[in-house]
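>>> Build me a model from this:
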Amino acid sequence: MNKLKSIFTYLIPILFIPAIIAIGMKIFDEKKYAFIVLIIVVFTMIPFFITFENDKRINTRKTVVLGVIIALSVAGRFLFSPLPFFKPVTAMTIICGIYLGKENGFVCGAMTALISNIYFGQGIWTPFQMFAWGIIGFLAGIIGKYLDNNKLFLSFYGLFSGVLFSLLMDLWTVLWWERGFNISRYLATVISGLPIMGVYMVSNVLFLLLLTKPIGKKLKRIKIKYGI
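Reported below is the predicted structural model:
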């Protein structure tokens, strides 16, 4: 049973959610993005809920801690809104994945995109942002033991996350303009977006080096104190 849960936890972010986005882009037009987002939200929460323990107190504490991290991530995006593409969201999502696990990392990234876009603007890009930040948090949870207390590896993952986020968002750009995938347009979009990708990479590393140790230390203490 536990093995089945583990397999299902991997399948949802890696296979099911990308499939939902792809099918949604094919069947629905951009004005019906809200339906795609709703389905993604439901699937995003499934791995989170299937990891719940039987103890309701632990579940409540886990939810509260995750909610605080998401709130900080959203607030960070608001605070740095005057600086284009320079945001702490990716770093907060990675930190969440490292210390709270891959499921929580995915939820943090996906929900940060959804909630913060209430201010920044919702659109067909929202599902792509939810998946991009979510998968970054999910992967961080998988390799969390290598990222914790290893600044070199952490910095490398920050650079990688900047590249991954940029490539995924460039994919949305091409699908939106072309109404389908065009490799030539995609490569042109990636090349033209290299300066933005560079900003993503640098901001990720800076925020990770600044935030991981203090936030990680507090999360470790909370996990030990409350048995999360």
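
>>> C-alpha only now, for contacts and for neighbours.
Noted.

>>> residue ranges of the helices in the protein, please?
2-11, 17-27, 33-50, 56-79, 89-100, 102-120, 125-142, 144-147, 151-178, 183-192, 194-226 (DSSP state H).

>>> Mean pLDDT added to those helices, as TSV?
Putting these into TSV (pLDDT from 0 to 100) gives the following:
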stretch	mean pLDDT
helix 2-11	72
helix 17-27	79
helix 33-50	78
helix 56-79	88
helix 89-100	96
helix 102-120	93
helix 125-142	94
helix 144-147	94
helix 151-178	91
helix 183-192	92
helix 194-226	94
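
>>> Point out the most buried one among these.
By mean neighbour count, with neighbours taken as mean count of other CA atoms under 10 Å, helix 89-100 ranks first of the helices of the chain at a mean of 28.

>>> Packing partners of that one?
helix 56-79, helix 102-120, helix 125-142, helix 144-147, helix 194-226 (3 or more CA pairs under 8 Å, 6 or more residues apart in numbering; DSSP states H and E).

>>> Please enumerate residues in contact with the first one?
This means helix 56-79. Outside of helix 56-79, the residues within contact range by CA atoms under 8 Å, 6 or more residues apart in numbering are 52-53, 87-89, 92-93, 96, 100, 104, 108-109, 111-113, 115-116, 226-228.

>>> repeat that for 6 Å
52, 87-89, 92, 108, 112, 116, 228 (CA atoms under 6 Å, 6 or more residues apart in numbering).

>>> from these, which two are the most distant?
Longest distance between any two of the contacts of helix 56-79 is 30.6 Å, between F52 and K87; criterion CA to CA.

>>> So for the two, which residue has more residues nearby?
A direct count of neighbours by other CA atoms under 10 Å for F52 and K87 places K87 higher, at 23 against 14.

>>> Quick check: phi and psi at the more buried one.
For K87, the backbone dihedrals (degrees, to the nearest 10) come out as phi -140, psi 150.

>>> that older thread, now the helices and strands packed on helix 89-100 as a markdown table including distance to Y10?
Listed next are those as a markdown table, based on distance: least, CA to CA, whole Å:
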| stretch | distance to Y10 |
| --- | --- |
| helix 56-79 | 20 |
| helix 102-120 | 9 |
| helix 125-142 | 9 |
| helix 144-147 | 16 |
| helix 194-226 | 23 |
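
>>> Can you say which of these is nearest to F181?
Among these, helix 125-142 comes nearest to F181, with 14.7 Å by CA to CA.

>>> nearest residue to F131 other than its sequence neighbours?
Leaving aside its chain neighbours, F131 sits nearest to A110 (6.2 Å; criterion: CA to CA, 6 or more residues apart in numbering).

>>> Share the number of residues neighbouring I12, please.
When neighbours are defined as other CA under 10 Å, I12 has 18 of them.

>>> Spatially, what comes nearest to it if we skip its sequence neighbours?
The shortest distance from I12 to any non-neighbouring residue, by CA to CA, 6+ apart, is to F43 (6.8 Å).

>>> just to revisit the earlier point, ok, the contacts of helix 56-79 vs F207, which is closest?
Among the contacts of helix 56-79, P88 lies closest to F207 (CA to CA), at 5.9 Å.

>>> burial count for the closest one?
Neighbours of P88 using other CA under 10 Å come to 25.
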